[in-house]
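Novice: sequence-free structure coming up:
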């Protein structure tokens, strides 16, 4: 039985009872620097608008308008588009959105995707997209969050959408790469929902073995799924002056960390987000780990060790001109004794500075140089392989949040008990669909 949500809107008038900037959920709370023209059409009944893309500067922003007067309202604000009474559904139009009292116009692409829904695609800058949102609100639209907008539009189209797919859409907006977005799109299309529906069917039929196999398969993708939005943490560790900061800059592709030949230059950790083989990764440069009497450096070492505990992968950096040292052995032993969940990759840096290859450097370990003419590809490939040993096939069901992973774990643990004690309430919650009712006042 789905949850029936009643969403009641008041006028967005900026009155003391309901100020326009009330609460963090109002996408139009920031007063724009650009002011649109007065519309030639005023919307008197419920029409909603939402920015469907992430509220950050980007190349393109997408804005959705839905309601009985969505088409005439949007068309009244456009310039350079034929003003037909009923624009052809599905046809893409290029138009101009007037700004600054018609002295400046922003080029937009609009499409009436249904008789009650219009999509507007514009420049992704905050000022432009915010100005368009403000103009639509001023014309009579009510601004809503993307999840609510999607739910209302789907319900109007008679489409069913469970909570799993809705959560996947929220994560999709935050995806940092095409690779992650593709996996989340599969979950939006119902890949995980179908898998969990099959689990429910197995349990209802008493087929515990089949349910267990499917649940264990889902948990196999847990580490990948929980890092589709949250980046993997890769910490660079080692004694001072082995080139960790230089390596961070080389991997990031730009100067991020301060580099100096004096040991102990890095006193705190530095984080840089990047993509490795299409996966989001947060590189963490840590202070050199060694015994020291300097209280400031001791604090840096303590913080470095805390970052190693949080890392999904530790890259232990060795200076090729010096080789493996007792400090490296101590760090490796510490990582093993703490039983961290992350992997460890040893990399030999400064390979361009040594005259002869070191016998202590195993051939299978990456050997790199941070000089501009040396490639980081071997190290990047090794990092990607350790983080994601196997990529999921297209359409695979992936548990993509920690909460969903805990749901699957809970179901697995229940299979150890008799069927009479199985509790599927949480599973039913995620497979249920929300229903929305929009009431205007």
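Specialist: Structure's in. What do you need? Bear in mind that the values here come from a model prediction, so they are computed numbers and not experimental data. Residues are numbered from 1 along each chain as shown.
Novice: Return the set of buried residues in stretch 378-388.
Specialist: Along stretch 378-388, the positions that meet the burial threshold by neighbour count (16 or more other CB atoms under 10 Å) are 379, 380, 382, 383, 384, 386, 387, 388. Bear in mind the C-beta positions are built from the backbone N, C-alpha and C, glycine included.
Novice: what mean pLDDT would you report for it?
Specialist: The average pLDDT within stretch 378-388 is 91.
Novice: Repeat that for stretch 345-358.
Specialist: The pLDDT scores in stretch 345-358 average 70.
Novice: and what of stretch 280-292?
Specialist: 76.
Novice: now stretch 214-227
Specialist: Stretch 214-227 shows a mean pLDDT of 96.
Novice: any idea which of the buried residues of stretch 378-388 is closest to residue 170?
Specialist: Nearest to residue 170 out of the buried residues of stretch 378-388 is residue 388 (CB to CB; 22.6 Å).
Novice: quick one: contacts for that closest one?
Specialist: Residues in contact with residue 388 (CB atoms under 8 Å, 6 or more residues apart in numbering) are 224, 277, 279.
Novice: want to throw the residues you listed into JSON lines with neighbour count?
Specialist: Listed next are the contacts of residue 388 as JSON lines, based on neighbours: other CB atoms under 10 Å:
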{"residue": "224", "neighbour count": "22"}
{"residue": "277", "neighbour count": "15"}
{"residue": "279", "neighbour count": "21"}
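Novice: Closest one of those to residue 52?
Specialist: Distances from residue 52 to these, taken by CB to CB, are shortest for residue 279, at 24.9 Å.
Novice: re the thing from before, among the buried residues of stretch 378-388, which are in helices?
Specialist: In this view, these that belong to helices under DSSP state H are 379, 380, 382, 383, 384, 386, 387.
Novice: For these, could you give me a markdown table that also reports distance to residue 349?
Specialist: Output for these, formatted as a markdown table (distance: CB to CB, whole Å):
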| residue | distance to residue 349 |
| --- | --- |
| 379 | 9 |
| 380 | 14 |
| 382 | 13 |
| 383 | 14 |
| 384 | 19 |
| 386 | 18 |
| 387 | 20 |
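Novice: Could you give the average pLDDT over stretch 312-319?
Specialist: Stretch 312-319 comes out at a mean pLDDT of 89.
Novice: any residues touching that stretch, and which ones?
Specialist: 223, 227, 232-238, 241-244, 247, 308, 324-325, 328, 331-332, 335, 340-350, 361, 379, 383, 386-387.
Novice: Quick check on these: which are buried?
Specialist: Neighbour counting with 16+ other CB under 10 Å marks 227, 232-238, 241-244, 247, 308, 324, 328, 331-332, 335, 340, 342-350, 361, 379, 383, 386-387 as buried within the contacts of stretch 312-319.
Novice: Filter the residues you listed down to just the ones in helices.
Specialist: 244, 247, 308, 328, 331, 332, 335, 379, 383, 386, 387.
Novice: Quick one: residues contacting the closest residue to the first one other than its chain neighbours.
Specialist: It refers to residue 244. Spatial nearest neighbour of residue 244, excluding adjacent residues (CB to CB, 6 or more residues apart in numbering): residue 236 at 4.4 Å. Residue 236 sits next to 244, 247, 248, 283, 284, 285, 286, 315, 317 when contact means CB under 8 Å, 6+ apart.
Novice: what does residue 192 give?
Specialist: By CB under 8 Å, 6+ apart, the neighbours of residue 192 are 164, 168, 218, 397, 398, 399, 400, 404.
Novice: Which one of the residues you listed is nearest to residue 145?
Specialist: Nearest to residue 145 among the contacts of residue 192: residue 168, at 16.0 Å, using CB to CB.
Novice: Quick check: phi and psi at the residue lying closest to that closest one once chain neighbours are set aside.
Specialist: Using CB to CB, 6+ apart and skipping the chain neighbours, the partner closest in space to residue 168 is residue 187 (3.8 Å). With angles defined as degrees, to the nearest 10, residue 187 sits at phi -70, psi -30.
Novice: how far away is residue 187 from residue 112?
Specialist: Here the criterion is CB to CB, to the nearest Å. By it, residue 187 lies 28 Å from residue 112.
Novice: What's the end-to-end length of stretch 148-162?
Specialist: Distance between the two ends of stretch 148-162: 13 Å, counting by CA to CA, to the nearest Å.
Novice: out of the contacts of residue 192, who's nearest residue 65?
Specialist: Nearest to residue 65, judged by CB to CB, of the contacts of residue 192 is residue 168 at 23.5 Å.
Novice: Which secondary structure elements does the one helix or strand the closest one maps to sit against?
Specialist: Secondary structure assigned from DSSP states H and E places residue 168 in helix 163-173. In terms of contacts (3 or more CB pairs under 8 Å, 6 or more residues apart in numbering; DSSP states H and E), helix 163-173 is packed against helix 146-156, helix 178-188, helix 191-204, helix 425-431.
Novice: What residues sit buried inside stretch 184-204?
Specialist: 184-188, 190-193, 195-196, 199, 202-203.
Novice: what are the ranges of the helices in the protein?
Specialist: So, for the chain - with DSSP H - the helices run 70-77, 126-138, 146-156, 163-173, 178-188, 191-204, 208-219, 222-225, 244-252, 295-310, 326-337, 377-387, 402-414, 425-431.
Novice: which one of those helices lies closest to residue 54?
Specialist: Smallest distance to residue 54 across those (CB to CB): 5.0 Å, for helix 163-173.
Novice: That closest one vs helix 191-204, what angle?
Specialist: Orientation of helix 163-173 against helix 191-204 (axes from the mean of the first three to the mean of the last three CA atoms, to 10 degrees) gives an angle of 160 degrees.
Novice: who's in contact with helix 163-173?
Specialist: Residues contacting helix 163-173 (CB under 8 Å, 6+ apart): 53-54, 146-147, 150-151, 181, 184-185, 187-190, 192-193, 196, 228-229, 400-401, 404, 429-434.
Novice: ok, and the most crowded of the contacts of residue 236?
Specialist: Taking other CB atoms under 10 Å as the neighbour criterion, residue 244 ranks highest of the contacts of residue 236 with 29 neighbours.
Novice: Hmm, residue 270 and that one touching each other?
Specialist: No: Residue 244 lies out of contact with residue 270 (CB atoms under 8 Å); the separation is 9.8 Å.
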